[in-house]
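1. quick one: sequence plus predicted model below, questions after.
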Amino acid sequence: MENLFSPWRSLYIKSFKEEVPEGEKVCPFCAALDGSDDRDTGLVYRGKTAFVIMNKFPYNAGHLMVIPNRHTSDLQSLGAEENAELMSLLQAAQHALAKLVHPHGYNLGMNLGRSGGAGIDDHLHWHIVPRWNGDTNFLPVLADVKLVSVEMSEQWVALHEMFPSIV
């Protein structure tokens, strides 16, 4: 049997083991938006009411998230301006991914609430995941491992440079 090393995966697994008291929780999306090093956080584009960020624990190469700047878990609370920019950024993300990684299709959606599958349930976020014919293999089924074979920092540079001309 061959060993497959994916050290970043341990950070993801550990993130579920540590219980943080309610008053001490820090929203990773708000922290990224408030931060000054977009490359370090994977933040690709800052809009007026929303932003685009790379998923730190991607399902596939190019996995992006589109997120309102305002910290909310209430989909109904989004205003017209936020909704318009969120949709515009989802379209821009698809366009950028088409140019960068040439997928055959996409998974696009959001999970509302912990019971709905949201890993971060207190800040709305949409996922856009590029997909390719045959991108599912034995690893997720047998080993609960997903292999992402693209250097994320290289993708960040390309996406960061591309977004202003698309939006």
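-> Sure, I can see it. Numbering: from 1, shown residues only.
2. heading C-terminal from the helix or strand of the chain with the lowest mean pLDDT, find the next helix or strand.
-> Sorting the helices and strands of the chain by mean pLDDT, DSSP states H and E puts helix 138 at the bottom, at a mean of 46. Per DSSP states H and E, the first helix or strand lying C-terminal to helix 138 is helix 152-166.
3. so for that next one, what gets flagged as buried?
-> Judged by neighbour count using 16 or more other Cβ atoms under 10 Å, the buried positions of helix 152-166 are 152, 155-156, 159-160, 162-163, 166. Quick note: C-beta positions are derived from backbone N, CA and C, even for glycine.
4. and for A32, the neighbour number?
-> Residue neighbour count, defined by other Cβ atoms under 10 Å, stands at 19 for A32.
5. secondary structure element holding it?
-> Using DSSP H and E, A32 falls in helix 28-34.
6. now for that helix, which elements pack on it?
-> In terms of contacts (3 or more Cβ pairs under 8 Å, 6 or more residues apart in numbering; DSSP states H and E), helix 28-34 is packed against strand 43-46, strand 50-54.
7. can you say which of those strands is nearest to G116?
-> Of all these, strand 50-54 sits nearest to G116, with 20.3 Å by Cβ to Cβ.
8. hmm, who's touching the very next helix or strand once past the closest one?
-> Per DSSP H and E, strand 50-54 leads on to strand 64-68 as the next helix or strand towards the C-terminus. By Cβ atoms under 8 Å, 6 or more residues apart in numbering, the residues outside strand 64-68 that reach it are 29, 33, 44, 49-55, 78, 82, 86, 89-90, 93, 97, 123-128, 159.
9. strand 64-68 vs strand 50-54, what angle?
-> Inter-element angle recorded for strand 64-68 and strand 50-54: 150 degrees (by axes from the mean of the first three to the mean of the last three Cα atoms, to 10 degrees).
10. can you list the strands that strand 64-68 pairs with?
-> strand 50-54 (antiparallel), strand 126-131 (antiparallel) (DSSP bridges).
11. CA atoms only for the longest helix along the chain, dumped as PDB, please.
-> When the chain is parsed with DSSP state H, its longest helix is helix 80-101. The C-alpha atoms that make up helix 80-101 are tabulated as PDB, following Å, rounded to 0.1, in the frame of the first residue of the first chain:
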ATOM      1  CA  ALA A  80     -31.000  44.400  -2.700                       C
ATOM      2  CA  GLU A  81     -27.500  45.900  -3.100                       C
ATOM      3  CA  GLU A  82     -25.900  42.900  -1.200                       C
ATOM      4  CA  ASN A  83     -27.900  40.400  -3.300                       C
ATOM      5  CA  ALA A  84     -26.900  42.100  -6.600                       C
ATOM      6  CA  GLU A  85     -23.200  42.100  -5.700                       C
ATOM      7  CA  LEU A  86     -23.300  38.600  -4.400                       C
ATOM      8  CA  MET A  87     -24.800  37.300  -7.600                       C
ATOM      9  CA  SER A  88     -22.400  39.400  -9.700                       C
ATOM     10  CA  LEU A  89     -19.400  38.000  -7.800                       C
ATOM     11  CA  LEU A  90     -20.700  34.400  -8.200                       C
ATOM     12  CA  GLN A  91     -20.900  35.000 -11.900                       C
ATOM     13  CA  ALA A  92     -17.400  36.500 -11.900                       C
ATOM     14  CA  ALA A  93     -16.100  33.600  -9.900                       C
ATOM     15  CA  GLN A  94     -17.500  31.100 -12.500                       C
ATOM     16  CA  HIS A  95     -16.000  33.200 -15.300                       C
ATOM     17  CA  ALA A  96     -12.600  33.300 -13.600                       C
ATOM     18  CA  LEU A  97     -12.600  29.600 -12.900                       C
ATOM     19  CA  ALA A  98     -13.500  28.900 -16.500                       C
ATOM     20  CA  LYS A  99     -10.500  30.800 -17.700                       C
ATOM     21  CA  LEU A 100      -8.100  29.500 -15.000                       C
ATOM     22  CA  VAL A 101      -8.900  25.800 -14.600                       C
END
